[in-house]
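> show me how the following folds:
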Amino acid sequence: MTPTPGWLQEKLFERRIVFVTGRLDDVLAGQAAAQIMTLDATGDDPIDVVLSSADGTLEAAFVVGGPAIGVAASADHRSASPHTTFRLSAPASQLSGTADQIAAHSEQHRTLLWRFQARLAKATGRPAEDVADDVRRGRYLDAREALECGLIDAIRS
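Coordinates of the predicted model:
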């Protein structure tokens, strides 16, 4: 018997595991948020979210609490395997339209980026200015560094 497409995802969902992999766009963010909200509504057991998203849009990031870093920061318990790498970076934004439309979108992007950085600062207990500087530089963190800066609570063995 050959498993049907989506069989593995269904089994993981039954075990309260949500995979978020690839570029975090509106579609992926919506799917992940729907899965998380459904699992949250069906019980109080923890939901494991497995993240592998190196890039994404800022708007999609807010659907599930941020790009991979933002999602991790918004969780009640955050852990990573020893080989995990985190990248603090500003999600991408592509603009088109008239000069006024681009200016308005750019301002909205800056506002969302500041909110994203403030969420990270609150989750890690670090000053927002330090977080903003790390995001601007695209800082990479290994699991130990992420634990030291408060991004995660534990390193799984």
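> tally of neighbours for the closest residue to R139 other than its chain neighbours?
Closest residue to R139 apart from its sequence neighbours, by CB to CB, 6 or more residues apart in numbering: L88 at 4.6 Å. Just so you know, the C-beta spots here come from the backbone N, C-alpha and C atoms, and that holds for glycine as well. By the measure other CB atoms under 10 Å, the count of residues near L88 is 22.
> gap between L88 and D130?
10 Å (CB to CB, to the nearest Å).
> one more: R16?
34 Å.
> give me the more crowded residue out of those two.
Relative neighbour count places R16 above the other of R16 and D130, with 17 against 14, counting by other CB under 10 Å.
> so where's the longest helix in this structure?
helix 99-124 (DSSP state H).
> what packs against that one?
helix 58-63, helix 68-74, helix 128-137 (3 or more CB pairs under 8 Å, 6 or more residues apart in numbering; DSSP states H and E).
> please give me every residue in contact with R16.
L39, G43, D45, P46, I47, D48 (CB atoms under 8 Å, 6 or more residues apart in numbering).
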